[in-house]
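> Quick one: sequence plus predicted model below, questions after.
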Amino acid sequence: MLLQIFFAFATLSLVAVGGATAVLPEMHRLLVVVHGWLDDATFTQLFGLAQAAPGPNILAASIMGWRIAGLGGMAVATLGMLLPAAILAWYVAGATHRMRGASWLKPAQFGLVPIAVGLIAASGITLARASTTDWLTVVILVASFLFVWRTNRSPLWVLAGGGALGFLLL
Amino acid sequence: MSDATTPPTRLGLFLGYGKMGLLGFGGVAAWSRYVVVEDKRWMTEREYAEVLGLGQILPGPNVGNTAIMIGRRFHGLPGALLATGGLYSGPLCILMMLALFYDNFGQEPGVAQAMQGIAVAAAGMVVATALKMGQNLRPPPELIAVGLAAVIAAAFLRLPLLLVVAILAPLGIWLSVRRAFGEAK
């Protein structure tokens, strides 16, 4: 069982270009439809919980592993999700280090930057659309955007402010 | 912004990644850049962006991939393990506590509202971070177009990210390499 969980998440790990939200449909297919380890409602609830909590969204895998098979399940789900991608990243980092003298390497890497930055913007826009429900949330959104864009102060202020305003006024 | 950077100690690497993990509401991408480039200044905007570009097209969480690569760059295998451990251990504990109480958690008055306020603020932060990176990096117009195409494809057309990356990565690399060698002539 634990081995099965490990391989399910390891498979997900290697197709997870773009992180957890990108593999959500495939994760649902494997865990709910193929293996029947979780029902629909639990799957959705756990994913929502992982989104609301701080930290990498990929931890959704850990929490689902825990629900499926306790602490052992959490350990193998987390390792399955992280290990293959981490090993790949390790060797790619080594390869770029070895080729650091190549004149085409820096420009080639820089060619990927707009995609990374664009996808960060896209995730922010998706998050904004899902979380703005009335004028007050739009005000918080714009204020947070301007604060982080125009100042170098810690973004913690806007998260704290957003949480406090939400608690008091929403 | 000055370009002076200071490499992290092993402890600094662990704590810096711990900070990103614990504060990373709505994903850790924005906090990762803030800690590495603005707060601790381990790398310049450009150096960080190059690592992030690779982390993005590799499978797996992009910040998790950059944790491995940045940890390796400064402290080899121990660095990669410390950065990764810092990134995941804190949030994992929080998530376990939430999961233990999650039947009650959402019902507490004000909790859902506060979480929504945080989510909205985090969304503003994430968009602003992308804009800031774009401004600091000053990519040439054709690469700005690639970035905007990524935004439209992912946020508005909702295309699978694997498809977006498979199409735009070769295009971005080709445009960027072509410009570099075109200028060198």
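Thanks, I have the structure now.

> List the residues that contact residue 16.
Since no chain was named, I'll use chain A. Residues in contact with A:Ala16 (Cβ atoms under 8 Å, 6 or more residues apart in numbering or on different chains) are A:Ala22, A:Val23, A:Ile58, A:Met81, A:Ala85, B:Pro59, B:Gly60, B:Pro61. (Each C-beta comes from the backbone N, C-alpha and C, glycine too.)

> actually chain B
B:Gly16 makes contact with B:Pro8, B:Val35, B:Val36, B:Asp39, B:Lys40, B:Trp42, B:Ala83, B:Gly86, according to Cβ under 8 Å, 6+ apart.

> Turn those residues into CSV, columns for neighbour count.
Listed next are the contacts of B:Gly16 as CSV, based on neighbours: other Cβ atoms under 10 Å in any protein chain shown:
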residue, neighbour count
B:Pro8, 25
B:Val35, 23
B:Val36, 26
B:Asp39, 16
B:Lys40, 18
B:Trp42, 20
B:Ala83, 30
B:Gly86, 23
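
> Make a markdown table out of those and add secondary structure and distance to chain A.
As requested, the contacts of B:Gly16 are exported to a markdown table (DSSP: H, G, I helix; E, B strand; the rest coil; distance: Cβ to the nearest Cβ, whole Å):
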| residue | secondary structure | distance to chain A |
| --- | --- | --- |
| B:Pro8 | coil | 16 |
| B:Val35 | helix | 10 |
| B:Val36 | helix | 13 |
| B:Asp39 | helix | 7 |
| B:Lys40 | coil | 12 |
| B:Trp42 | coil | 15 |
| B:Ala83 | helix | 10 |
| B:Gly86 | helix | 11 |
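
> after the lowest-mean-pLDDT helix or strand in chain A, next one along is what?
Using mean pLDDT, DSSP states H and E, helix A:20-28 stands out as the lowest-scoring helix or strand of chain A, at a mean of 79. Downstream of helix A:20-28, the first helix or strand assigned by DSSP states H and E is helix A:40-52.

> which strands and helices sit next to that next one?
With contacts defined as 3 or more Cβ pairs under 8 Å, 6 or more residues apart in numbering or on different chains; DSSP states H and E, helix A:40-52 has these neighbours: helix A:20-28, helix A:60-98, helix B:62-100.

> got those helices as TSV, with distance to B:Arg178 columns?
Formatted as TSV, the helices and strands packed on helix A:40-52 follow (distance: least, Cβ to Cβ, whole Å):
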stretch	distance to B:Arg178
helix A:20-28	29
helix A:60-98	20
helix B:62-100	25
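
> so which of those gets nearest B:Ile118?
Nearest to B:Ile118 among the helices and strands packed on helix A:40-52 is helix B:62-100; the distance by Cβ to Cβ comes to 13.3 Å.

> Which positions within that closest one qualify as buried?
Neighbour-count burial for helix B:62-100, counted by 16 or more other Cβ atoms under 10 Å in any protein chain shown, picks out B:62-75, B:79-88, B:90-92, B:95-96, B:98-99.

> which outside residues touch stretch B:78-96?
For stretch B:78-96, using Cβ under 8 Å, 6+ apart, the contacting residues are A:49-50, A:53-56, A:59, A:62-63, A:66, A:74, A:78, A:82, A:86, A:90, B:10, B:13-18, B:20-22, B:24, B:28, B:63-64, B:67-73, B:75.

> Could you do stretch B:35-44 as well?
A:152, A:154, B:1, B:3-8, B:12, B:16-17, B:19-20, B:45, B:48, B:51, B:70, B:74.

> give the contact list for the most centrally placed residue in chain B.
When Cα atoms, centre = their mean is applied to chain B, the residue found nearest the centroid is B:Ala29 (2.6 Å). Contacts for B:Ala29 (Cβ under 8 Å, 6+ apart) come out as A:Ile120, A:Ser123, B:Asn62, B:Val63, B:Val126, B:Thr129.

> Would you verify that the last one is located in a helix?
Yes: with DSSP: H, G, I helix; E, B strand; the rest coil as the criterion, B:Thr129 is part of a helix.

> and the gap between the closest residue to it other than its chain neighbours and A:Ser154?
Distance criterion Cβ to Cβ, 6 or more residues apart in numbering or on different chains; nearest residue to B:Thr129, sequence neighbours excluded, is B:Ala30 at 4.0 Å. With the distance defined as Cβ to Cβ, to the nearest Å, B:Ala30 ends up 12 Å from A:Ser154.

> higher neighbour count, these two?
B:Ala30 (30 against 17; other Cβ atoms under 10 Å in any protein chain shown).

> tell me the pLDDT at that one?
Predicted confidence (pLDDT) at B:Ala30: the value is 89.

> tell me the contacts of the residue nearest to B:Thr129?
Applying Cβ under 8 Å, 6+ apart, the residues contacting B:Ala30 are A:Ile120, A:Gly124, A:Val148, A:Pro155, B:Gly24, B:Ala122, B:Met125, B:Val126, B:Ala128, B:Thr129.

> and with 6 Å instead?
For B:Ala30, the contacting residues are B:Met125, B:Val126, B:Thr129, by Cβ atoms under 6 Å, 6 or more residues apart in numbering or on different chains.
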